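**Student:** What follows is a predicted structure for the sequence shown.
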Amino acid sequence: MSSFEKSKQSIADASKYLPGGANSNFRLGMMPTPLVFERGEGPYLYDVDGNQLIDYYAGMGPMILGHNPEPVLSAVKRQLDSGILFAGQTEIEQEAAQLVCEMVPCAERVRFNCAGSEAVQAVWRLARAATGRSVIVKFEGHYHGWFDNVLWSVAPPADQYGSIDAPVPVPASEGQDLVAGQHTEVLPWNNLDLLTKRLERGDVAAVIMEPIMCNTSTILPAEGYMEGVRKACTDTGTVLIFDEVITGFRIGPGGAQEYLGVTPDLATFGKAIANGFSVSCLAGKADLMDKLAGPVMHGGTYNAMPASMAAVIATLTELRKEETFEFIGTQGNRLMEGIRKALEDAGVPARVGGFPSIFHVGFGVESPITDYRSSLQADRARYVKFAEALLHRGVRALERGAWFVSAAHTDDVVDATIEAVAEVAKEI
């Protein structure tokens with residue numbers, strides 16, 4: 001059984017200099033304590049207590065090739081020999097952009113950023129510039145970054161979110177500028193009638209969504225929903241935006257839009273695009289994206305940093321290989337089935353759903369999950385105890401139920417994970 005006392009003490013010491021001992025709120029509150037790591041290798045993380053942990057956090061999604069994959073490290077090291085930052089252009093960023101355009105259906109142009117949150121701000125600005133409208137429609141349970149104008153109804157309490165026909169936008173943080181959200185409207189996802197009626201008023205600049213709800217239970221769109229959204233946006237002159245920060249380059253080389261067969265006008269990407277390096281991008285139709293070369297302001301000192309672009313090229317080159325996703329598919333499916341069977345054998349009712357590379361485990365789910373509200377039936381508290389028990393057996397899985405599978409999760413790693421799940425399932 002793993003112990004985490006050194007991590008606990010390290011977090012306490014770090015709290016003298018870092019709020020909560022961490023640099024992101026999403027790293028706080030992990031049970032039994034936020035962990036402190038020394039290194040990563042393949043499917044494993046090694047912490048300050050000397051524990052070797054099978055990692056399904058995958059850096060919160062980016063590490064699709066595993067930790068420290070040789071092709072990425074070699075590419076970045078070669079680029080660092082040429083320099084760090086030039087405040088100018090490089091041929092390597094053009095090569096990275098071309099790869100994105102070749103892989104992503106909507107990508108006629110690309111602009112690189114450092115984080116998903118800022119890419120979202122850029123596509124919102126583009127949509128408003130293109131339409132002359134102000135309102136942006138988002139959906140309950142969808143996360144698009146931590147800025148004041150978009151951090152609404154990400155995980156609203158049931159006693160605050162109002163009726164399904166007229167959801168109440170709920171801010172997600174104290175100190176949030178409520179005026180910044182006055183042009184942000186919230187609707188339930190997978191409800192085409194409500195969205196169509198709202199768009200018919202003709203004042204919405206853009207609709208933004210996770211095309212597959214990976215921040216909430218890995219929920220797929222209902223049959224015909226996405227096609228209906230595309231038509232409604234086209235008919236009303238509304239820009240359709242897919243936030244593919246999680247799904248992009250993870251569920252397939254072309255992301256959710258390729259998988260679903262529906263092409264948005266604009267999309268945002270991050271995480272898996274560079275296997276852990278700080279890269280995001282916005283991509284989309286040329287007539288929209290080319291406004292960034294004219295009237296629409298978008299900047300960033302570290303945008304397209306050469307070493308990060310080297311990571312993009314190396315990562316996407318690996319993900320374009322058919323065998324990469326074939327392997328992840330095989331391993332992810334085997335893991336999903338193993339978890340499903342272990343829980344069933346132990347008499348633990350659960351939903352195991354999603355994709356081989358990103359799936360969700362929810363306890364106590366007895367009816368279909370189609371949106372944020374229906375996802376609340378899952379027993380979150382029981383699952384957190386399950387995740388903590390797994391951690392003590394050397395398996396690190398996100399407390400919110402998401403599992404990220406990488407190309408480094410080999411047969412022996414998956415087998416060890418399923419064995420740990422079976423042991424913990426019997427206990428709970």
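**Tutor:** Thanks, I have the structure now.

**Student:** Ser3 reaches Asp49, doesn't it?
**Tutor:** Yes - at 5.8 Å, Ser3 counts as touching Asp49 under the criterion of Cβ atoms under 8 Å. Where C-beta positions appear, they are placed from N, C-alpha and C, glycine not excepted.

**Student:** So these two - more neighbours on which side?
**Tutor:** Ranked by neighbour count (other Cβ atoms under 10 Å), Ser3 and Asp49 place Asp49 first, with 18 against 12.

**Student:** Now do the longest helix anywhere in the chain: which elements does it pack against?
**Tutor:** What stands out as the longest helix in the chain, according to DSSP state H, is helix 322-345. On a contact count with 3 or more Cβ pairs under 8 Å, 6 or more residues apart in numbering; DSSP states H and E, helix 322-345 meets strand 350-355, strand 358-363, helix 411-427.

**Student:** Present the ones you listed as a markdown table; the columns should include distance to Glu318 and mean neighbour count.
**Tutor:** Listed next are those as a markdown table, based on distance: least, Cβ to Cβ, whole Å; neighbours: other Cβ atoms under 10 Å:
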| stretch | distance to Glu318 | mean neighbour count |
| --- | --- | --- |
| strand 350-355 | 18 | 22 |
| strand 358-363 | 17 | 24 |
| helix 411-427 | 19 | 17 |
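
**Student:** Looking at the ones you listed, spot the one closest to Ile273.
**Tutor:** Proximity to Ile273 (Cβ to Cβ) singles out strand 358-363 among these, at 14.5 Å.

**Student:** Now the element after that closest one, going C-ward?
**Tutor:** With elements assigned by DSSP states H and E, the helix or strand that comes after strand 358-363 is helix 372-375.

**Student:** chain center to that next one, what's the gap?
**Tutor:** 18 Å (Cα atoms, centre = their mean, to the nearest Å).

**Student:** Outside of that helix itself, which residues are in contact with it?
**Tutor:** 139-142, 153, 155-156, 158, 161, 164, 188-189, 213, 216-217, 219, 362, 367-369 (Cβ atoms under 8 Å, 6 or more residues apart in numbering).

**Student:** Just the CA trace of the helix or strand following that helix, in PDB.
**Tutor:** Next helix or strand after helix 372-375 toward the C-terminus (DSSP H and E): helix 380-391. In PDB, the C-alpha atoms belonging to helix 380-391 read as follows (Å, rounded to 0.1, in the frame of the first residue of the first chain):
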ATOM      1  CA  ARG A 380     -19.400  11.300  -6.900                       C
ATOM      2  CA  ALA A 381     -18.500  10.800  -3.200                       C
ATOM      3  CA  ARG A 382     -18.300   7.000  -3.600                       C
ATOM      4  CA  TYR A 383     -16.200   7.300  -6.700                       C
ATOM      5  CA  VAL A 384     -13.700   9.600  -5.000                       C
ATOM      6  CA  LYS A 385     -13.200   7.000  -2.300                       C
ATOM      7  CA  PHE A 386     -12.700   4.400  -5.100                       C
ATOM      8  CA  ALA A 387     -10.100   6.600  -6.800                       C
ATOM      9  CA  GLU A 388      -8.200   7.200  -3.500                       C
ATOM     10  CA  ALA A 389      -8.100   3.400  -2.800                       C
ATOM     11  CA  LEU A 390      -6.700   2.800  -6.300                       C
ATOM     12  CA  LEU A 391      -4.000   5.400  -5.600                       C
END
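
**Student:** Return the list of helices and strands in contact with helix 380-391.
**Tutor:** If you count contacts as 3+ Cβ pairs under 8 Å, 6+ apart, helix 380-391 packs onto strand 358-363, helix 411-427.

**Student:** For Val110, name its beta-bridge partners.
**Tutor:** Assessed by DSSP bridges, Val110 has beta-bridge partners Ala283.

**Student:** quick one: contacts for it?
**Tutor:** Ala97, Val100, Cys101, Cys281, Leu282, Ala283, Met289.

**Student:** can you tell me the helix or strand for the last one?
**Tutor:** When elements are assigned from DSSP H and E, Met289 belongs to helix 286-289.

**Student:** Pull the contacting residues for the residue positioned nearest the centre of the chain.
**Tutor:** In the chain, the residue lying closest to the centroid (Cα atoms, centre = their mean) is Ile246, at 2.7 Å. The neighbours of Ile246, taking Cβ under 8 Å, 6+ apart as the test, are Gly61, Glu210, Cys214, Asn215, Lys271, Ile358.

**Student:** Just the pLDDT at it, thanks.
**Tutor:** Here, the pLDDT recorded for Ile246 equals 98.

**Student:** mind checking the SS state of it?
**Tutor:** coil (DSSP: H, G, I helix; E, B strand; the rest coil).

**Student:** Check the gap between it and Cys106 for me.
**Tutor:** 17 Å (Cβ to Cβ, to the nearest Å).

**Student:** what do you get for Gly394?
**Tutor:** Gly394 is 41 Å from Cys106, by Cβ to Cβ.

**Student:** for Ser24, same thing?
**Tutor:** If you go by Cβ to Cβ, the gap between Ser24 and Cys106 works out to 29 Å.

**Student:** Neighbour count for these two, which is higher?
**Tutor:** Remark: of Ser24 and Cys106, Cys106 carries more neighbours, 25 against 10, as counted by other Cβ under 10 Å.

**Student:** Let me see the ranges of the strands in the protein.
**Tutor:** For the chain, the strands defined by DSSP state E occupy 37-41, 44-47, 52-55, 109-113, 135-139, 184-187, 204-209, 239-244, 266-269, 280-284, 350-355, 358-363, 395-396, 402-404.

**Student:** For these, could you give me TSV that also reports distance to Ser173?
**Tutor:** Compiled in TSV, the strands of the chain are given as follows (distance: least, Cβ to Cβ, whole Å):
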stretch	distance to Ser173
strand 37-41	27
strand 44-47	29
strand 52-55	28
strand 109-113	22
strand 135-139	16
strand 184-187	14
strand 204-209	19
strand 239-244	19
strand 266-269	21
strand 280-284	21
strand 350-355	28
strand 358-363	24
strand 395-396	27
strand 402-404	21
